[in-house]
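[1] give me a model of this one.
(chains A and B, ligands or ions: 2)
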Amino acid sequence: MVEGAVSGNIEIKDVDKVFNAGEEGEVVALRGINLSVRPGEMVALVGPSGCGKSTLLRLVAGLEAPNAGTLALDGNPIDAPHYERGLAFQDPSLFPWLNVFGNVASGLKARKIFDKDDNEVQSYIEKIGLAGFENHYPHQLSGGMAQRVSLARSFVNHPKVFLLDEPFGALDAFTRMYMQDELLRIWQEDGTTSMLVTHDVDEAIYLADRIVIMTPRPGKIEEIIEVGLRRPRARNVEEFLHLRARILETLHFAEKLQELPYYL
Amino acid sequence: MKPLTRLLLPYLGAAAVIVNYYFVPDDSILSKKPYLLVVTVAIAAVYTAYWLIVRAAKSPKFEKIAYDAPKLLALFLAVAVWDILILKTHVLPGPFFQDITRILGVYIEDGLQLVIHALYSLRLLFTGYFIGLGAGFLTGVFAGWFARARYWIMPIVKLIGPIPATVWLPLIIIIMPTLFAGSVFTIAFGVWFPATLMTATGIMSVPSKYYEVAQTLGADNRWLLFHVALPSSIPNLFMGAFMGMGISCVALITAEMLGVKAGLGYFINLSTAWAEYNKVFAAIVVIIIVFSGVIALLFKANSKLLKWQKDSIQW
Ligand SMILES: Nc1ncnc2c1ncn2[C@@H]1O[C@H](COP(=O)(O)OP(=O)(O)OP(=O)(O)O)[C@@H](O)[C@H]1O
Ligand SMILES: [Mg+2]
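    Ligands and ions are numbered 1, 2, ... in the order given. Reported below is the predicted structural model:
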């Protein structure tokens, strides 16, 4: 929780999302989702592949419409994408025709608030550790570099809400820890409400105020866990390990119940 | 082979050309003009100066010159063989086939005339090409971006697009006020089809994730069109431009042969009528040079604009 954050309250009420998957009929991606994220809160979503984490972020982003239920940001219904809700996609999706600088600046340019003399874009490129790569094109970047550029592109736009879909998935362990701290710094400076999808339970505990555990078929919220550890957090203290065991157990238990053959 | 050995190969070719033409006996009664000697020596001299300078500058291009040297040898040998086939053995019959010296003579004696005709050709080509490209680009953007426009434009494109532009030519020449306008229209029409089709498919096949990213960053529709759809479909635009260039070259020469009273196509027709076949060959070489120059320019623009692409086509 960033103290003093006043806006960025996400309310998700009774949301269902059903996809028409052609011949196979319908896929219930989300069923009866209720979640309220407070201003300045950081929430992590964990759960097995296909439980609807990305779909939930896309709903909050306004890229999908729910089949039932409502979503709102600060009381305003969400019905279309808006820069207030910035989404860093699961795959970096950089614009291949723009170099690193152009990609990071693209939000500001789209909103016509880009200022050549302001070095904010540059400062974010430095924050993600890619100074010197400004003129590189996406095909010249590694997967992890591209992912960081995609994050910087969201951050520099200063949205009210960060929607981060496995933002550090392609990073090595050290860069990942560095980027986690960088995210925390940016989050604390801006007080941005954040929803973060991750497959890494340690990352969820290290970063989040609350951890939402989801289960698939249909995708729903199984349990919400308050982390309640003080920041900066150490990754090897007893409470941390205890939480970790509990989350893994919930995930594992849910999995067994489902007996998902594809997950083996 | 060592680079230096490779570099020397073309001199053998140059020697073969000169010896063959001037010293191998043949039954030609005309005196031998020095054109071939002058041109061959000039090419060899330029080549020598070039590789000497590049080598002195220690430029990496030196390797490339050595690598390509056998091609210059091949060119000289082709010239020698051409002369053998025509002049020395009469395997290829005159007057339809003309030896290199007589072809070179056209450039030296009628060079200005050829340049003027080439310029007329280029004027017609580019006028028609760019009008067609611009029009095709516009209709393509409309058809690609607006579903309603696509509904009406695409059937028209599909119906009349694949018909060779030159089919219309005789009719258009009668209808249009001037021959020039008619030819421009024909060329433009030929380019319009691939330009429209490629632009439209380019815009329609932009991955939706780019639109989604842009929207979450705060882009409006206008920005999506100008900063996502268009740049993302530039590779397709160039495909249309290349295909259109091929079509317009054909349309150009046809137009010049059918009616236009200037240009390389016309020059070829005229020379055939006067049985000046050396001029025909000379004009064909100019056409080759002009068209491959134009295509090379297009590729230059392509790789300049598409340096963000991993594997853009090389020329
Ligand atoms: N556009 C779509 N059309 C049809 N089905 C979809 C679509 N998008 C998602 N789904 C389905 O909805 C379910 C949830 O997908 P989602 O991408 O949200 O999962 P996820 O939790 O993000 O998984 P992962 O961890 O692998 O990224 C899956 O069963 C998927 O097949
Ligand atoms: Mg996902």
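[2] CA only for contacts and neighbour counts going forward, please
    Fine.
[3] can you pull out the strands in the stretch 151-264 of chain A?
    Listed in chain order, the strands of the stretch 151-264 of chain A (DSSP state E, counting those that start in this stretch) span A:161-165, A:193-197, A:210-215, A:220-226.
[4] of all these, which lies closest to chain B?
    Closest to chain B of the strands of the stretch 151-264 of chain A, according to C-alpha to the nearest C-alpha: strand A:161-165, at 10.2 Å.
[5] near ligand 1, anything from the closest one?
    No - for strand A:161-165, no contact with ligand 1 is found by C-alpha under 6 Å from any ligand atom; the gap never falls below 7.9 Å.
[6] deepest of the strands of the stretch 151-264 of chain A, which one?
    Most buried of these by mean neighbour count (mean count of other C-alpha atoms under 10 Å in any protein chain shown) is strand A:193-197; its value is a mean of 27.
[7] quickly check: that one near ligand 1 or not.
    No - Strand A:193-197 does not reach ligand 1 (C-alpha under 6 Å from any ligand atom); its nearest approach is 8.0 Å.
[8] give me the angle between that strand and strand A:210-215.
    For strand A:193-197 against strand A:210-215, the angle by axes from the mean of the first three to the mean of the last three C-alpha atoms, to 10 degrees is 40 degrees.
[9] what is the lowest-mean-pLDDT helix or strand in chain B packed up against?
    When the helices and strands of chain B are compared on mean pLDDT, DSSP states H and E, helix B:169-175 comes out lowest with a mean of 83. If contacts are counted by 3 or more C-alpha pairs under 8 Å, 6 or more residues apart in numbering or on different chains; DSSP states H and E, helix B:169-175 sits against helix B:179-204.
[10] just checking, next helix/strand downstream of the helix it packs on?
    Later in the chain than helix B:179-204, the nearest helix or strand by DSSP states H and E is helix B:208-216.
[11] show the subsequent helix or strand relative to that following helix.
    Next along from helix B:208-216, by DSSP H and E: helix B:221-223.
[12] show me where the stretch 101-250 of chain A has its helices.
    With DSSP state H, counting those that start in this stretch, the ranges of helices along the stretch 101-250 of chain A come out as A:120-127, A:143-155, A:173-190, A:201-207, A:238-258.
[13] tabulate those helices (a markdown table), appending mean pLDDT and distance to B:Leu169.
    Shown next, in a markdown table, are these (pLDDT from 0 to 100; distance: least, C-alpha to C-alpha, whole Å):
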| stretch | mean pLDDT | distance to B:Leu169 |
| --- | --- | --- |
| helix A:120-127 | 93 | 56 |
| helix A:143-155 | 94 | 52 |
| helix A:173-190 | 92 | 65 |
| helix A:201-207 | 95 | 70 |
| helix A:238-258 | 82 | 71 |
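[14] could you point out which of those sits nearest chain B?
    Smallest distance to chain B across the helices of the stretch 101-250 of chain A (C-alpha to the nearest C-alpha): 7.2 Å, for helix A:143-155.
[15] which strands and helices sit next to that closest one?
    Counting contacts by 3+ C-alpha pairs under 8 Å, 6+ apart, helix A:143-155 packs against strand A:85-88, helix A:100-110, helix A:120-127.
[16] for it, list the C-alpha coordinates in CSV.
    Taking C-alpha atoms only, helix A:143-155 is exported to CSV below (Å, rounded to 0.1, in the frame of the first residue of the first chain):
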residue,chain,number,x,y,z
GLY,A,143,13.7,-11.1,-24.9
GLY,A,144,14.5,-9.7,-21.5
MET,A,145,15.5,-6.3,-22.8
ALA,A,146,12.4,-6.1,-24.9
GLN,A,147,10.3,-6.9,-21.8
ARG,A,148,12.0,-4.1,-19.9
VAL,A,149,11.4,-1.6,-22.7
SER,A,150,7.7,-2.6,-22.6
LEU,A,151,7.6,-1.9,-18.9
ALA,A,152,9.3,1.5,-19.3
ARG,A,153,6.8,2.3,-22.0
SER,A,154,4.0,1.8,-19.5
PHE,A,155,5.7,3.5,-16.6
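[17] ok, B:Pro25 - contacts?
    Counting by C-alpha atoms under 8 Å, 6 or more residues apart in numbering or on different chains, B:Pro25 touches B:Lys88.
[18] longest helix in chain B, by residue count?
    The longest helix of chain B (DSSP state H) is helix B:100-145.
[19] for that helix, packing partners?
    On a contact count with 3+ C-alpha pairs under 8 Å, 6+ apart, helix B:100-145 meets helix B:35-56, helix B:61-83, helix B:147-160, helix B:179-204, helix B:234-258, helix B:264-273, helix B:277-305.
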